[in-house]
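[1] Quick one: sequence plus predicted model below, questions after.
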Amino acid sequence: MVNNTKLHEEKVFKDPVHRYIHVRDSLIWDLIGTKEFQRLRRIRQLGTTYLTFHGAEHSRFSHSLGVYEIVRRIIGNFEGFPGWNEEERLLSLSAALLHDVGHGPFSHTFEKVFHLDHEDFTRQIILGDTEVNAVLSKVKSDFPQKISDIIAKTYENKLIVSLISSQIDADRMDYLLRDAYFTGVSYGQFDIERILRVMRPWEEQVVIKSSGMHAVEDYIMSRYQMYWQVYFHPVSRSAEVILRKILHRVKFLAESGYSFKKKTDAFNSFFYGNVGLREYLKLDESIMLYYFQAWQEEPDPILSDLCNRFINRKLFKYMEFNPMNVKEWLALHEAFENEGIDPDYYLVLDSSSDLPYDFYRPGEEEERIPIYLLKPNGERRELSRESEVVEAISGKKRTDHKLYFPMDLIEDLSSTSTAKQLIVDLLKRGGI
C-alpha cells in the first residue's frame, strides 16, 4: 500500500510547450518543492547553445516538468492494463520528474572533463540524505530504490523504463519541442497530440497504433534535423570547446600548484576526484559564470584569455577537417607551437555523431529497443519494416568533424608565418 494523497486543489503550471502542466498528487508537488529539484532552475537545458540561439535560456527545471506532463498523459491510456496499479503510476510520474535531477552545470561538457555521470548523481540524490529522498520515503520504504532502478534501467517493469528511456520516450518528445520553441526553429516540431493518442502499453514497452505511423516518421525526422541544425551547431560547439579548455586549464593549474587570485574552493573536490553529493549540488551555472568572470583577471594568460572569450563571446572559428589527415594535423600542431600559440588549448579537433533511429541489434553495446507499430490484427511490426522513410535512415550514423582555432590570433601573425599559411590554405580548400 502506497502512502499518497491528492491535493485539495489541483496545481497548474503555465507552460509555453504543453500549455498547462497539471499536478494532482501531493507526492509530485512536494518533490517539485525540494531544494534539489529547485536547483534545476539554475542549470540550462542546452548548455552553451544560448551563445548561438539567444532564446535558449530555458532550464532543466522546465524540461523535467514537461517530461512529467507527457508521462502523465501517456499513462492515462494504461487504466485496466494487467499489472498496472497506483504504485506503478506514482513510480512513472516520479521517475519522469526526477530523471534529470542529477545534471551538473553545462551538463555534458562538465561531465567529460571531470569524468562524472549525471545519472549516478541522480541516483545518489534519490537514495541519499536529501529532501528528495525524504519525500519519496514517505510513500513507501522501498520507493526511492525503485525510482533509482528505473533511472538505472534495471527496474523489473520495463514498461515504466521505456516511458523515459527509449527511442520514442517522454524525455525526447519534450526536449525536441521545448528546444525548438526556445531556439526559434521549426525543425523540432511534430504532432505530439497525435502520438500521445495512439500510444498503447504492450508487455515491456509502449507501442504505436499503426494508424499513427506518419506522426512517428515526422518525430524521427524532427529529431534528425534538431541534432544537426541545433544540438551540433558548429558555433555552439565552438563555445563548448572553449568551456572545455577553461576547465582543463584550471584543473591543470590547480594540480601544478598555481596560486589563483580568485580561490577555487567550489572546484577543489572536482580537481582531485573526491566529489561528494553535497559539493556537487552546490555547483551550478551561476557559480561557474561568476568564476569565469573573475578568472579573466588571472595572471595566467591562457586561462584569462579563454575566460574572456567565453564571457564575451569571442569564439573560435572553425573549418571542416578530416581526422585521418595526420600529416596535416601534425604540421599545424608544430606551426602553432613555433608561433607560441599553445595547440593544446587553441587547436582543437571536435567530432559529433548521431544515429537517428536503429532497429534491434541484440547483444550489441548500447543496443536500442526499436519502435513497434501495433497492427489492427494485433501483430507488432518494427517501424523500419513498415516505413520507407525510417528504413532509409535506420542504423546509419552520421559524423561531422570540425577544426577549431582562434582566427584573431592567426590574423595577427606575419604573412610569412607557417601557421597562417597552413590555415589560409585549408580555408581555401574547405572553408568556414
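    Everything's here; your move. Residues are numbered from 1 along each chain as shown.
[2] average model confidence for the longest strand along the chain?
    Taking DSSP state E as the criterion, the chain has its longest strand at strand 6-15. Per-residue pLDDT values over strand 6-15 give a mean of 96.
[3] Equivalent analysis for stretch 389-399, please.
    86.
[4] Just the buried residues of that stretch, please?
    389-390, 393-394 (16 or more other C-beta atoms under 10 Å). For every residue, glycine as well, the C-beta is placed using N, CA and C.
[5] in the helix or strand of the chain with the lowest mean pLDDT, what counts as buried?
    Ranking every helix and strand in the chain by mean pLDDT, DSSP states H and E puts helix 418-429 at the bottom, with a mean of 81. Of the residues in helix 418-429, 419-420, 422-423, 426 count as buried by neighbour count, 16+ other C-beta under 10 Å.
[6] Equivalent analysis for stretch 298-313, please.
    For stretch 298-313, by 16+ other C-beta under 10 Å, it's 298, 300, 302-303, 305-310.
[7] before we move on, what about stretch 175-193?
    175-183, 185, 187-190, 192.
[8] which of the residues you listed are the two that sit furthest away from each other?
    183 and 192 (17.3 Å; C-beta to C-beta).
[9] Spell out which helix or strand contains residue 314, please.
    Using DSSP states H and E, residue 314 falls within no helix or strand.
[10] er, residue 257 I mean
    Per DSSP H and E, there is no helix or strand for residue 257.
[11] i'd like the first residue to be 34 from this point on
    OK, 34 is where the count begins now, so the last one is residue 290.
[12] All the strands of the chain, residue numbers only.
    39-48, 52-58, 232-235, 238-242, 350-353, 381-387, 405-407, 413-415, 431-438.
[13] Show residues contacting the first one.
    Outside strand 39-48, the residues within contact range by C-beta atoms under 8 Å, 6 or more residues apart in numbering are 53-59, 62, 95, 98-99, 102.
[14] The third one too?
    The contact list for strand 232-235, computed with C-beta under 8 Å, 6+ apart, reads 107, 110-111, 114, 117, 192, 239-242, 405, 407, 413.
[15] picking up where we left off before, can you put the buried residues of stretch 422-432 in TSV and add distance to residue 351?
    Listed next are those as TSV, based on distance: C-beta to C-beta, whole Å:
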residue	distance to residue 351
422	31
423	31
426	26
427	30
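[16] now for these, which pair is the farthest apart?
    Across these (C-beta to C-beta), the longest gap, 9.9 Å, separates 422 and 427.
[17] Show me the beta-bridge partners of residue 235.
    residue 238 (DSSP bridges).
[18] pLDDT score for the nearest residue to residue 98 once chain neighbours are set aside?
    Excluding the flanking residues, the one nearest residue 98 by C-beta to C-beta, 6 or more residues apart in numbering is residue 54, at 5.1 Å. Model confidence at residue 54, expressed as pLDDT, equals 98.
[19] same question, the one 10 residues further on
    In this prediction, residue 64 carries a pLDDT score of 98.
[20] just residue 398 next, same as before
    45.
[21] Could you list the domains of this structure?
    Per automatic domain parsing, the structural domains of the chain span 39-264, 266-347, 349-389+430-465.
[22] show me where pLDDT drops low in the stretch 34-183 of the chain?
    Applying pLDDT under 70 to the stretch 34-183 of the chain flags no residue at all.
[23] which residues in it form helices?
    Assigned helices in the stretch 34-183 of the chain, in chain order: 59-65, 68-71, 93-107, 119-131, 140-147, 151-160, 164-172, 176-184 (criterion: DSSP state H, counting those that start in this stretch).
[24] Ok, which of those comes nearest residue 265?
    Closest to residue 265 of these, according to C-beta to C-beta: helix 140-147, at 12.2 Å.
[25] rewinding a little: inside helices: which ones of the buried residues of stretch 422-432?
    422-423, 426 (DSSP state H).
[26] want to throw the residues you listed into TSV with distance to residue 374?
    Shown next, in TSV, are those (distance: C-beta to C-beta, whole Å):
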residue	distance to residue 374
422	47
423	46
426	40
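[27] Tell me the spatial nearest neighbour of residue 356, not counting adjacent residues.
    residue 434 is the one closest to residue 356 (C-beta to C-beta, 6+ apart), at 5.4 Å.
[28] list the contacts for that neighbour?
    353-356, 382-384.
[29] so which two of those are the farthest from each other?
    355 and 383 (13.4 Å).
[30] So for those two, which residue has more residues nearby?
    residue 383 (19 against 12; other C-beta atoms under 10 Å).
[31] ok, the residue nearest to residue 255 when sequence neighbours are not counted - contacts?
    Ranked by C-beta to C-beta, 6+ apart and with sequence neighbours excluded, the top spatial neighbour of residue 255 is residue 223, at 4.6 Å. By C-beta under 8 Å, 6+ apart, the residues touching residue 223 are 209-210, 248, 251-252, 255.
[32] try residue 319
    residue 75.
[33] neighbours around the residue nearest to residue 98, how many?
    Neighbour tally, residue 54, other C-beta under 10 Å: 20.
[34] do the same with the one 10 residues further on
    Using other C-beta under 10 Å, residue 64 has 23 other residues around it.
[35] so it makes contact with residue 127?
    Yes - contact status for residue 64 versus residue 127: in contact at 6.6 Å, counting by C-beta atoms under 8 Å.
[36] joint contacts of those two?
    In contact with both residue 64 and residue 127: residue 169, using C-beta under 8 Å, 6+ apart.
[37] and the top helix by length along the chain with strand 381-387, angle?
    Determined from DSSP H, the single longest helix within the chain is helix 267-288. Helix 267-288 runs at 120 degrees relative to strand 381-387, counting by axes from the mean of the first three to the mean of the last three C-alpha atoms, to 10 degrees.
[38] which strands and helices sit next to helix 267-288?
    helix 140-147, helix 301-304, helix 318-328, helix 334-344, strand 350-353, helix 376-379, strand 381-387, strand 431-438 (3 or more C-beta pairs under 8 Å, 6 or more residues apart in numbering; DSSP states H and E).
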